[in-house]
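Visitor: can't give you the sequence, but here's the structure:
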């Protein structure tokens, strides 16, 4: 097999950046106008920076990220509604975009007229529009509303109409921004069925969604945009799991800060931690069903033996499992007069993909008072779309 | 794509009117009736050598091309601001929207011009329609000027909304500076000489004069101005293209 050449890609995005002008009052606009006219810089703030990716025909790429991360701007650049500040976008083939609710619709005119309007903008002639309109109306399935002005539509009906047009146009590259979030259950299912069929028949998809379920279902690859930069780009399961773990950590961080303050300054301390024999503090990468060995060195100011507590938590703070050396009556090995070590091994852990935390606590010899806490991360990767924390063994009858 | 946009623009202009596109013919008829009434019955002719009917012909053949120019620039001015929703959601080259509005204006007023020319030819002895094809170069120059003007004003209007008001006053001023309501020869000597360098006079004269049997003069000045104006419009469009939608 030869290496793919640039002609093999339907879409190539290289070093893309976009900055928006700052300020919108009259004087700022006039200053910006003069600056543009004379080719000088003007006050701007970055929206996205240094974004590169490629999409080959038949691929599907999900774009995920928080609100304001630049996802919609990226899509607008890709279908050249906006022009980049730097970098370039190369496209081959017919591109169809469903960017926002009612894009290209005239709110004053009927649904039927708007079908002609937006299909015309995508390059259909009058005969094509006449021939395909019945199919589009059937797909949109909004009944008599088709002859009402679009301003009387609910947001769900607008999206139905927009999607029906794009489904009929069947572009080589389909770009959609949060389309699935608006429709009701049955229309969502219809859209997903259509998209799966479109992908099976060689279509290419660029999807922005906040639903990891939809992204995992429809896309093979994902790109995580964070503060306008690419945070992660690759296999859809890896990227979406990192993204979810990030969110879980973010919501846990607010609670965690308060707790950690209470733990600090104790006499018994955790001084060294090894996970699978590695001492670095970066999150351990695991696959569902892998084992984990933990070794912890504790400092004791006197010659008493402190206890060790260990807990495994989902990154959002949900407890998965916890135990202590006191419960298990485990005995430590003594390193020197002031240091002891505990070692424990978890065999196959049926954890579902996601972010996890391993919390280690230094406890007093009675296993009651908490003196110190150290936390390590663990990311479980996998292609599972099951729900929950752990896989429970089961058989379908 | 432009043909499609022109159809949409026409539909939008007549949307909600019961008579719809019939207005395209009806409006010039009514306008001509007003001109005929006012300038034959109320005001005296202002062009030497022409009676009341002759003056109405002189006025109309100059006025309709001006309507086209003024409508094209006037509506072209607000193209980007009117179509902000479309431009920020659908990939479409902005200049095509301006071109569509200019073409619509010239189609409508060109049709009005034809209707009026035919009527005046039927009912007055002042029109020689055989010269009609020779007005084409002047029409093209006028359309070029209109497109360039609309492109400038449309871009400026994105940054500075007052531009559309200013453009209207400028257009009115230019209309009075150009011999449409009067003949160049009626004013002071200096004014008549200055008219040799008025590109609008060149274009309007290139349309009106042959039809009134006053011979054909090359509208080179209008052409020169159109080419220069288009060059500047293209240059500034290229400058503003990449940030245009950001400011809408």
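Guide: Received, thanks. What you see is a predicted model, and the numbers here were worked out from it, not measured in a lab.
Visitor: any weak-confidence spans in chain A?
Guide: A:1-7, A:101-103, A:252-266 (pLDDT under 70).
Visitor: what residues does it put near chain B?
Guide: Contacts of chain A with chain B, taken as CB under 8 Å from any CB of the partner chain, map to A:20-21, A:26, A:29-30, A:32-33, A:36-37, A:39, A:76, A:79-85, A:95, A:97, A:99-100, A:103-104, A:108-109, A:117-118, A:120-121, A:123. All C-beta atoms are positioned from the backbone trio N, CA, C, and that covers glycine.
Visitor: what subset of those is buried?
Guide: The neighbour count (16 or more other CB atoms under 10 Å in any protein chain shown) marks A:21, A:29, A:32-33, A:36, A:76, A:79-82, A:84-85, A:95, A:97, A:99-100, A:103-104, A:109, A:117-118, A:120-121 as buried among the residues of chain A next to chain B.
Visitor: can you give me the helices in the chain?
Guide: Just going to use chain A. Using DSSP state H, the helices of chain A run over A:26-37, A:71-78, A:111-121, A:126-140, A:155-169, A:185-200, A:212-218, A:236-263, A:325-328.
Visitor: think we crossed wires, I meant chain B
Guide: B:2-13, B:23-37, B:52-77, B:79-82, B:84-87, B:94-123, B:136-159, B:163-177, B:189-194, B:199-211, B:220-241.
Visitor: would you list those in JSON lines and tack on mean pLDDT, mean neighbour count and distance to chain A?
Guide: Output for the helices of chain B, formatted as JSON lines (pLDDT from 0 to 100; neighbours: other CB atoms under 10 Å in any protein chain shown; distance: least, CB to the nearest CB, whole Å):
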{"stretch": "helix B:2-13", "mean pLDDT": "82", "mean neighbour count": "17", "distance to chain A": "5"}
{"stretch": "helix B:23-37", "mean pLDDT": "81", "mean neighbour count": "15", "distance to chain A": "19"}
{"stretch": "helix B:52-77", "mean pLDDT": "90", "mean neighbour count": "23", "distance to chain A": "15"}
{"stretch": "helix B:79-82", "mean pLDDT": "91", "mean neighbour count": "21", "distance to chain A": "12"}
{"stretch": "helix B:84-87", "mean pLDDT": "85", "mean neighbour count": "18", "distance to chain A": "6"}
{"stretch": "helix B:94-123", "mean pLDDT": "92", "mean neighbour count": "20", "distance to chain A": "10"}
{"stretch": "helix B:136-159", "mean pLDDT": "94", "mean neighbour count": "23", "distance to chain A": "4"}
{"stretch": "helix B:163-177", "mean pLDDT": "90", "mean neighbour count": "15", "distance to chain A": "10"}
{"stretch": "helix B:189-194", "mean pLDDT": "83", "mean neighbour count": "12", "distance to chain A": "30"}
{"stretch": "helix B:199-211", "mean pLDDT": "92", "mean neighbour count": "24", "distance to chain A": "24"}
{"stretch": "helix B:220-241", "mean pLDDT": "93", "mean neighbour count": "17", "distance to chain A": "6"}
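Visitor: residue contacts, the residue most central in space within chain B?
Guide: Closest to where the C-alpha atoms of chain B average out (CA atoms, centre = their mean) is residue B:69, at 1.8 Å. Taking CB atoms under 8 Å, 6 or more residues apart in numbering or on different chains, we find residue B:69 in contact with B:142, B:145, B:146, B:149, B:171, B:200.
Visitor: and the furthest pair within these?
Guide: B:142 and B:171 (13.2 Å; CB to CB).
Visitor: okay, buried residues for stretch A:90-99 please.
Guide: For stretch A:90-99, using 16+ other CB under 10 Å, the buried residues are A:91, A:95, A:96, A:97, A:98, A:99.
Visitor: OK, contacts around the one residue in the stretch 251-397 of chain A that gets nearest to chain B?
Guide: As assessed by CB to the nearest CB, chain B sits closest to residue A:385 within the stretch 251-397 of chain A, at 32.9 Å. Shown in contact with residue A:385 (CB under 8 Å, 6+ apart): A:213, A:216, A:217.
Visitor: next: residue B:92.
Guide: Residue B:92 touches A:121, B:1, B:86, counting by CB under 8 Å, 6+ apart.
Visitor: tally of neighbours for the second one?
Guide: Burial measure for residue B:1: 13 neighbouring residues, criterion other CB atoms under 10 Å in any protein chain shown.
Visitor: ok, the nearest residue to it once chain neighbours are set aside to residue B:102 distance?
Guide: Closest residue to residue B:1 apart from its sequence neighbours, by CB to CB, 6 or more residues apart in numbering or on different chains: residue B:96 at 6.0 Å. Separation of residue B:96 from residue B:102 (CB to CB, to the nearest Å): 11 Å.
Visitor: what's around residue B:48, how many residues?
Guide: 8.
Visitor: any idea how far chain A is from it?
Guide: In this view, residue B:48 and chain A are 46 Å apart by CB to the nearest CB, to the nearest Å.
Visitor: so that residue sits against residue B:185, correct?
Guide: Yes. The pair residue B:48 / residue B:185 is scored as a contact, 6.9 Å apart, by CB atoms under 8 Å.
Visitor: contact partners for residue B:77?
Guide: Per CB under 8 Å, 6+ apart, neighbours of residue B:77: B:150, B:153, B:154, B:157, B:163, B:164, B:167.
Visitor: meant to ask about residue A:182, not that
Guide: Residue A:182 makes contacts with A:101, A:155, A:156, A:158, A:159, as judged by CB under 8 Å, 6+ apart.
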